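[1] Test case, fold it:
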Amino acid sequence: MLCRIALAALAAGLALPALAEEPAWSEKTIRERLDQSAIAGPIMGEALEDLALKGKDLFEARFTVLDGAGRPNATQAIVPTATRRPAEHAFQRLAGPDANACSSCHNEPVTGGAGGFVANAFVSEGFESAEFDTLDPQFSNERGTNHLFGAGLVELLAREMTVELRAGRADALRRARATGEPVRVTLVAKGVDFGRITAQPDGSVDLAELDGVDADLVIRPFTQKGVMTSLRQFTVNALNQHHGIQPDERWGARWTGTQDFDGDGYPDEIGAGEVSAMVAFQATLPPPIEAAPDDPAWREAARRGRAVFAELGCETCHRPALPLKSLAFQDPGPVDLAGTLREGDVERPAVYDLATLEWAARLPRNANGDVLVPLFGDLKRHRIADTRTADLGNETLAQRFVERDVFMTAELWGLADTAPYGHRGDVTTLDEVIRAHGGAAEAGASGYRELPEADRSALIAWLKTLSVGE
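    Here you go, the predicted model:
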């Protein structure tokens, strides 16, 4: 009987139940281990929804010490790093752990959403080498929690843009070798300009004019600085940082030589299968919508506000939509690095067919059949502050070599349901955050300040229609 259950689970791409079931009243929240080898190949429709529900259960799970929550002998660094001394407190707001569940922060207006100021995280490149007991910004950057709706579409866009940028580099190198002369080209992906590179006949590339993307030309669409490649990388990092739950794919025996790197007495705390389910949940979250207000006056103001948005030039960075060729979400993905499960680590990657989900039918398509993802962003980093308008450059530490006043363009979809605003979540109104734009966005902010009050109000009216949805 057990063999028949196992074969059925494998055929459906679902998880195997734990052999020793926990009682309903157990204080352990990870009740079953999911077989990563069963999460493979095309997964669609009901099977995908079932896997995503398992991921949602883990996303909402309030991890306890029985799951391995806490990391007394490990830091929150993304590279497994031992502490200099055992942690004094199980929970702390700075270097973490700082949350019981993913949904402790990602919960407004519903699970997978954003978080208020109280849910801010502290991020830095220095936690692996120091013990923190201060909020001083010279040690850490305080960040608001972003929402995750439409995140699967965002990652798919980033992957396709990475392919386009790398194809442009390869073509320039081919031409330089063929002609024996340097070739200077503009790199464009999905219509977004990422600056210029100069390919040399010897195979080297001058990147001095590259703009808004890393030197490896990988679009990293997640976090406010644009430094996380994938939902998988984001999830693996966050489990350790915020909960003290160490995924085997980074903290397990393969990379650390032990199954209990953090020394809390709980080996193999969370496996690749459970992480895959959490990725499936996030990747299948529906994209936000542009809602039509019931109030006729609001509808009319929003119509005018949408025009004002374009007239101010906001669409230069907050692009209304980017075209996406495929809704097939592969996990593990094609560009993750060591410490995150990769294509070569599995016999067959899973492919989540987002096109089979109910929300996919409402996405518009262009004349080429590409899905138009209405994110109001460009997946590019920009300098967003300057000496005159410095409010959005309120950090003193660079993160992953991204300068402190440079941030990823914030996608505006879902804006109406995800206040407060700004990178620190300390801006309470849309009017304030628009006025705070500096650097590359200074002209738009200046134009906004000079608008008649009626047009400023209309712009806010339209922005307030960008809803996470039901």
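[2] quick one: buried residues of the top helix by length along the chain?
    Ranked by residue count, the top helix of the chain under DSSP state H comes out as helix 151-179. Residues 151-166, 168-169, 172-173, 176 are the ones in helix 151-179 that count as buried (16 or more other CB atoms under 10 Å). The way it works is simple: take the backbone N, C-alpha and C, and place the C-beta from them, glycine included.
[3] swap in stretch 203-219?
    If you call a residue buried by 16+ other CB under 10 Å, then stretch 203-219 has these buried ones: 205, 207, 210, 211, 212, 213, 214, 217, 218, 219.
[4] What distance separates the opening and closing residues of that stretch?
    Counting by CA to CA, to the nearest Å, you get 22 Å between the two ends of stretch 203-219.
[5] now do stretch 85-101
    Using CA to CA, one end of stretch 85-101 lies 26 Å from the other.
[6] now stretch 289-298
    The straight-line separation of the ends of stretch 289-298 (CA to CA) is 16 Å.
[7] Now do the strands in the protein.
    41-43, 121-123, 141-143, 183-189, 192-199, 205-206, 289-290, 322-324, 328-331, 350-353, 371-373, 381-383, 406-408, 466-467 (DSSP state E).
[8] which residues does the residue minimising distance to the centre of the chain contact?
    Nearest residue to the geometric centre of the chain (CA atoms, centre = their mean): residue 222, 3.1 Å. For residue 222, the residues meeting the contact criterion (CB atoms under 8 Å, 6 or more residues apart in numbering) are 151, 154, 155, 228, 229, 230, 231, 233, 234.
[9] go on, residue 238?
    residue 102.
[10] residues making contact with stretch 193-202?
    Contacts with stretch 193-202, where a contact means CB under 8 Å, 6+ apart, come from 165, 168-169, 172-173, 175-177, 179-188, 205-207, 209-213, 217, 380.
[11] Look up how far residue 42 lies from the residue lying closest to residue 40 once chain neighbours are set aside.
    Leaving out its chain neighbours, the residue that sits closest to residue 40 by CB to CB, 6 or more residues apart in numbering is residue 348, at 4.1 Å. Distance, residue 348 to residue 42, by CB to CB, to the nearest Å: 10 Å.
[12] between the two, who's got more neighbours?
    Neighbours were counted for residue 348 and for residue 42 using other CB atoms under 10 Å; residue 42 has more, 14 against 11.
[13] Quick check: beta-bridge partners of the nearest residue to the more buried one once chain neighbours are set aside?
    Take residue 42 and drop its neighbours on the chain: the residue closest to it by CB to CB, 6+ apart is residue 351, 5.1 Å away. Residue 351 has these beta-bridge partners by DSSP bridges: residue 42, residue 330.
[14] so which of the strands of the chain comes closest to residue 434?
    Nearest of these to residue 434, taken as CB to CB: strand 466-467 at 13.7 Å.
[15] What pairs with the closest one, parallel or antiparallel?
    strand 289-290 (antiparallel).
[16] for the strand it pairs with, the distance to its chain's centre please.
    20 Å (CA atoms, centre = their mean, to the nearest Å).
[17] circling back: pLDDT at the residue nearest to the centre of the chain, what is it?
    What the model reports for residue 222 is a pLDDT of 97.
[18] Does it have any beta-bridge partners, and if so which?
    Here residue 222, judged by DSSP bridges, has bridge partners residue 228.
[19] And it, how close does it get to residue 250?
    17 Å.
[20] With adjacent residues omitted, what lies nearest to residue 172?
    Using CB to CB, 6+ apart, the closest residue to residue 172 is residue 199 (3.8 Å).
[21] what's the burial count for the closest residue in space to residue 305 that isn't next to it in sequence?
    Excluding the flanking residues, the one nearest residue 305 by CB to CB, 6+ apart is residue 462, at 3.0 Å. When neighbours are counted by other CB under 10 Å, residue 462 registers 22.
[22] Show me the helices in this structure, by range?
    With DSSP H, the ranges of helices along the chain come out as 2-12, 45-60, 151-179, 231-238, 248-251, 253-256, 272-283, 296-311, 430-435, 442-450, 453-463.
[23] looking at those helices, which is buried most?
    helix 272-283 (a mean of 26; mean count of other CB atoms under 10 Å).
[24] Also compute the angle for it relative to helix 231-238, please.
    On the basis of axes from the mean of the first three to the mean of the last three CA atoms, to 10 degrees, helix 272-283 is oriented at 110 degrees to helix 231-238.
[25] chain center to helix 272-283, what's the gap?
    Computed by CA atoms, centre = their mean, the chain-centroid distance of helix 272-283 equals 14 Å.
[26] Output that helix as PDB, nothing but the C-alphas.
    Extracted C-alpha coordinates of helix 272-283, given in PDB (Å, rounded to 0.1, in the frame of the first residue of the first chain):
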ATOM      1  CA  ALA A 272      15.400  21.200  -1.200                       C
ATOM      2  CA  GLY A 273      11.800  19.900  -1.600                       C
ATOM      3  CA  GLU A 274      10.400  22.200   1.000                       C
ATOM      4  CA  VAL A 275      12.300  25.100  -0.500                       C
ATOM      5  CA  SER A 276      10.900  24.200  -3.900                       C
ATOM      6  CA  ALA A 277       7.400  24.300  -2.600                       C
ATOM      7  CA  MET A 278       8.000  27.700  -1.100                       C
ATOM      8  CA  VAL A 279       9.300  28.900  -4.400                       C
ATOM      9  CA  ALA A 280       6.200  27.500  -6.200                       C
ATOM     10  CA  PHE A 281       4.000  29.400  -3.800                       C
ATOM     11  CA  GLN A 282       5.700  32.700  -4.500                       C
ATOM     12  CA  ALA A 283       6.100  32.100  -8.200                       C
END
